[in-house]
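Engineer: Let me see the structure of the following:
(chains A, B, C and D)
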Number of protein chains: 2
Amino acid sequence: MATIDDVARQAGVSKGTVSSVFSKKRPISRQVSERVLNVAKELGYYPNHLARSLAIKKTMIVGLRVPLPSDGCMSAFESQLINGVIMECSKQGYRVLLDTLPEQDDPRLFSQDPVDGVILLNPRKNDPRIGRYGQMGIPFVLVGRPDPFDESISCVDNNNTDVSYQVGDYLLRNGHRSVLFLNSASDMTVSYDRKLGLSEVFRHYGLSLREEHVMYFTRKLFANGTDYGYISVMNSYRKLNYTAVIADTDRVALGVLRAARDLGVEVPEELSVIALSNDAILAQNMNPRLTSVELSADLLGAEAANMLIEKMSGMSDNRQVIIDAKLVVRESCSFRSNP
Amino acid sequence: MATIDDVARQAGVSKGTVSSVFSKKRPISRQVSERVLNVAKELGYYPNHLARSLAIKKTMIVGLRVPLPSDGCMSAFESQLINGVIMECSKQGYRVLLDTLPEQDDPRLFSQDPVDGVILLNPRKNDPRIGRYGQMGIPFVLVGRPDPFDESISCVDNNNTDVSYQVGDYLLRNGHRSVLFLNSASDMTVSYDRKLGLSEVFRHYGLSLREEHVMYFTRKLFANGTDYGYISVMNSYRKLNYTAVIADTDRVALGVLRAARDLGVEVPEELSVIALSNDAILAQNMNPRLTSVELSADLLGAEAANMLIEKMSGMSDNRQVIIDAKLVVRESCSFRSNP
DNA sequence: TCGAATCGTTAAACCGGTTTAATGACCTTA
DNA sequence: TAAGGTCATTAAACCGGTTTAACGATTCGA
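Structural biologist: Below is the predicted model:
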């Protein structure tokens, strides 16, 4: 590859002049500019992004860190969220460096990435990444809530506790008294929040959410979300005697519906199904159409990107943003007169 | 941020020594190494990825260019493919720089990206990107087929013509004579290939595929794939008198199924539905379960990543890889005795 | 005991750009 | 005509690492 020096020599000017021709940061006479551009074209010269970034201390790249289990792949939620981040970044002239490796703890392997800022997904309790980026002085935004909570951290999240409260309220208001909750994996903060909200609404109705009615997804037992829904309902329906199922995602609900078909149980007449979902199109077109919650993962991503870019430009304080999730009633739930 | 110079000064050694401590490329005595590491920790020093990459001419980053229409977002196929790329890259220690902007034609805006190689998606006819990367000497792999075809280009693709031939053959063998083909957007090479295969198999049976039985997706008319399937069937079923629908994706098939329900048409008894799909879990759990083609977008992505990494290490020639797509028969198609 | 080999360390050049301070040519103005 | 002001251009320093060649100290073999 031709370098700026090659171009400068061939055009009979200095590096600085060539630099100015490309960056347009300083006026260059018409003749010189054209000569340089011609030589550049002839030699096939393109400025080197690395060298440029090193000099100006800016890469126009946003890091997106999505730690995933080594075997696993992205969920629809993650995939949509990433989509949202990319769209927003593209719009503002940024690119996205995606990373799905679990973060190393050896600082020798932890280099200062070629990014201007970072978006962190799937925060764990006491996530060591938070301290690290803070210390390195790299602007970052969290998707999810920091645990323990910290006001000085920018983050975007759904109102998860609220969501499950609403969903529970909807079911209880419609006469359901026994509900199976197919929660997501137990080590995620969102899982905790959702159970909290559901417990609360049960208490509000003078009831209590029984432990055996809450299940957690695990990769060990289930190949995927749909499997989780199918197997869990097949194994528990006769035993636990519930009239409604709250599924983690639309995919889980898909498995629940299949199990219902295989068990000869009518939905929604005999069993109501509701999902804490994020794929509106799928939910709208299932049979029956799925009552579900719109999480708007893409909005979450876009907002995170937007906050980060603002933060990098230095004109914004840290803040916490809640993206409202809302219940969309379709056809998969029924009123149940109490026995 | 502390630099290597700060560490060197504070530890009373030279830059080169600090560099060696971190890269482990040269032996350093135990005492010196420990002293350097301690100082580094104290100062919060992390090596600068940019500077390092500039010096060693290697970034361990793979570019993934997915040009999308400015308004649009990724399809499930793209999303899965990206997932495959990321998984394979992660496994081999690479990261992924994602870019969804349509490529600029002004070379002044086209810099030499901080990547060791590039994966190109959604190739157009005479795609200018191909020549450009070739000229720049950056290794690249195409997902899809180059048009015009060129043996010196590495690429990964499905056997699209073959797929639609197989699908057509399956329907014709089962007695169908009138088939609606909901093809993807007309400007994509895959669209052309699929129609070609279908025409061929019709000819093989002494029939001909009629133009009005082939439709193309367009963003202008349909908000999404499911809409495309629903509206197309609602508008054409009574007029065109077909007994089977070939849908571009499972999402399109979802719309077709809903249209059938709304029209009071039984699937598969009165109407057979088949999808050129890639989401096995969704297809398996639809009602009825969807007969569809497994495109394995994730494999496509993984293979592309793998080829690229091989190519970057310099030990591999260009080659064309076909990922076999195969028809998976489930429950959405029926045998039709000819009238 | 001397010369060679091994070892850890360093100074300086290098990667490919940007930027600052200085330079010289040209044009005003007093 | 000399002093002052623009203007395009340049040489050199800089960004933060890696690497090469040289070096002094120690160990080895004869």
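Engineer: Which is the succeeding secondary structure element to the helix or strand of chain A with the lowest mean pLDDT?
Structural biologist: Every helix and strand of chain A was ranked by mean pLDDT, DSSP states H and E. The lowest is helix A:280-285, at a mean of 77. As assigned by DSSP states H and E, the chain's next helix or strand after helix A:280-285 is strand A:291-294.
Engineer: hmm, that next one in reach of chain B?
Structural biologist: No. Shown here: strand A:291-294 not in contact with chain B (CB under 8 Å from any CB of the partner chain), separated by at least 15.2 Å. C-beta: built from backbone N, CA, C; applies to glycine.
Engineer: on contacts alone, who are the packing partners of that strand?
Structural biologist: helix A:160-173, strand A:272-275, strand A:326-328 (3 or more CB pairs under 8 Å, 6 or more residues apart in numbering or on different chains; DSSP states H and E).
Engineer: Report whether the least confident helix or strand of chain A contacts chain B.
Structural biologist: Yes. Contact of helix A:280-285 with chain B (CB under 8 Å from any CB) involves A:Ile281, A:Leu282, A:Gln284, A:Asn285.
Engineer: Likewise for stretch A:58-65?
Structural biologist: Yes. Contact of stretch A:58-65 with chain B (CB under 8 Å from any CB) involves A:Thr59, A:Ile61.
Engineer: So what's the gap between that stretch and the chain middle?
Structural biologist: Chain-centre distance of stretch A:58-65: 17 Å, with CA atoms, centre = their mean, to the nearest Å.
Engineer: buried ones in it?
Structural biologist: Judged by neighbour count (16 or more other CB atoms under 10 Å in any protein chain shown), stretch A:58-65 contains these buried residues: A:Thr59, A:Met60, A:Ile61, A:Val62, A:Gly63, A:Leu64, A:Arg65.
Engineer: quick one, what contacts the residue nearest to the last one when sequence neighbours are not counted?
Structural biologist: Same thing as A:Arg65. Leaving aside its chain neighbours, A:Arg65 sits nearest to A:Asp99 (4.9 Å; criterion: CB to CB, 6 or more residues apart in numbering or on different chains). By CB atoms under 8 Å, 6 or more residues apart in numbering or on different chains, the contact list for A:Asp99 reads A:Gly63, A:Leu64, A:Arg65, A:Val66, B:Ser90, B:Arg95, B:Val96.
Engineer: ok so, going back, pick the one among the residues of helix A:280-285 next to chain B closest to DNA strand C.
Structural biologist: Nearest to DNA strand C out of the residues of helix A:280-285 next to chain B is A:Ile281 (CB to the nearest atom of the strand; 44.2 Å).
Engineer: before we move on, the earlier item: would a markdown table of the contacts of A:Asp99 with distance to B:Glu42 and pLDDT be doable?
Structural biologist: Compiled in a markdown table, these are given as follows (distance: CB to CB, whole Å; pLDDT from 0 to 100):
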| residue | distance to B:Glu42 | pLDDT |
| --- | --- | --- |
| A:Gly63 | 26 | 95 |
| A:Leu64 | 30 | 95 |
| A:Arg65 | 26 | 92 |
| A:Val66 | 32 | 89 |
| B:Ser90 | 32 | 88 |
| B:Arg95 | 29 | 93 |
| B:Val96 | 34 | 95 |
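Engineer: Just the ones in helices from these, please.
Structural biologist: Of the positions in the contacts of A:Asp99, B:Ser90 sit in helices, assigned by DSSP state H.
Engineer: Pick out the most distant pair among the contacts of A:Asp99.
Structural biologist: By the measure CB to CB, A:Gly63 and B:Ser90 form the most distant pair in the contacts of A:Asp99, at 14.3 Å.
Engineer: Chain A - how does it break down into domains?
Structural biologist: As recorded under automatic domain parsing, the domains making up chain A are A:4-47, A:61-158+A:298-323, A:160-294.
Engineer: In CSV, list these along with distance to DNA strand D.
Structural biologist: Shown next, in CSV, are the domains of chain A (distance: least, CB to the nearest atom of the strand, whole Å):
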stretch, distance to DNA strand D
domain A:4-47, 3
domain A:61-158+A:298-323, 7
domain A:160-294, 34
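Engineer: mind checking which of the ones you listed is nearest B:Ser332?
Structural biologist: Minimum separation from B:Ser332 across the domains of chain A (CB to CB) falls at domain A:160-294, 12.7 Å.
Engineer: Can you name the residues of the stretch 151-300 of chain A that neighbour chain B?
Structural biologist: Within the stretch 151-300 of chain A, the positions adjacent to chain B are A:224, A:226, A:230, A:251, A:254-255, A:257-258, A:261, A:281-282, A:284-285, A:287, A:298 by CB under 8 Å from any CB.
Engineer: which residues in the stretch 1-150 of chain A form helices?
Structural biologist: A:4-11, A:15-23, A:30-43, A:49-56, A:76-91, A:128-136 (DSSP state H, counting those that start in this stretch).
Engineer: Any buried residues in the first one, and which?
Structural biologist: Under the neighbour-count criterion of 16+ other CB under 10 Å, helix A:4-11 has A:Ile4, A:Asp6, A:Val7, A:Ala8, A:Gln10, A:Ala11 buried.
Engineer: List the residues that contact the third one.
Structural biologist: Looking back up the chat, that one is A:Val7. Going by CB under 8 Å, 6+ apart, A:Val7 touches A:Val18, A:Val36, A:Val39, A:Ala40, A:Leu43, A:Tyr45.
Engineer: let's go with 6 Å and repeat that
Structural biologist: Residues near A:Val7 by CB atoms under 6 Å, 6 or more residues apart in numbering or on different chains: A:Val18, A:Val39, A:Ala40, A:Tyr45.
Engineer: Next one: it relative to A:Ile322, how far apart?
Structural biologist: 52 Å (CB to CB, to the nearest Å).
Engineer: Low-confidence stretches in the stretch 101-250 of chain A?
Structural biologist: Applying pLDDT under 70 to the stretch 101-250 of chain A flags residues A:102-110.
Engineer: which one is A:Gly225 nearest to, not counting chain neighbours?
Structural biologist: Setting aside the residues directly before and after it, A:Gly225 is nearest to A:Arg251 in space (CB to CB, 6+ apart), at 3.9 Å.
Engineer: can you list contacts of the helix or strand harbouring the one you found?
Structural biologist: Per DSSP H and E, A:Arg251 falls inside helix A:250-263. Identification of contacts with helix A:250-263 by CB under 6 Å, 6+ apart yields A:182, A:225-226, A:228-230, A:233-234, A:237, A:245, A:247, A:267, A:271, A:273, A:275, A:277, A:279, A:282-283, A:290, B:285.
Engineer: go again using 8 Å as the cut-off
Structural biologist: Outside of helix A:250-263, the residues within contact range by CB under 8 Å, 6+ apart are A:76, A:182, A:217, A:224-234, A:237, A:245, A:247, A:266-267, A:270-271, A:273-275, A:277-279, A:282-283, A:286-287, A:290, A:292, A:332, B:281-282, B:285, B:287.
Engineer: Select only the buried ones of those residues in ChimeraX?
Structural biologist: In ChimeraX syntax, the buried subset of the contacts of helix A:250-263 is picked out as below (16+ other CB under 10 Å):
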select /A:76,182,217,224,225,226,227,228,229,230,232,233,234,237,245,247,267,271,273,274,275,277,278,279,282,283,286,287,290,292,332 /B:281,282,285,287
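Engineer: sorry, back to before: tell me which of the domains of chain A approaches B:Leu308 most closely.
Structural biologist: domain A:61-158+A:298-323 (15.5 Å).
Engineer: how far away is the closest residue to A:Ala11 other than its chain neighbours from A:His49?
Structural biologist: By the measure of CB to CB, 6+ apart, the closest residue to A:Ala11 outside its immediate chain neighbours is A:Val39, 4.3 Å from it. Counting by CB to CB, the gap from A:Val39 to A:His49 is 20 Å.
Engineer: Likewise for A:Met312?
Structural biologist: Taking CB to CB, one finds A:Met312 at 18 Å from A:His49.
Engineer: still on that earlier bit, check what pLDDT the residue nearest to A:Arg65 gets.
Structural biologist: Note for A:Asp99: predicted pLDDT of 87.
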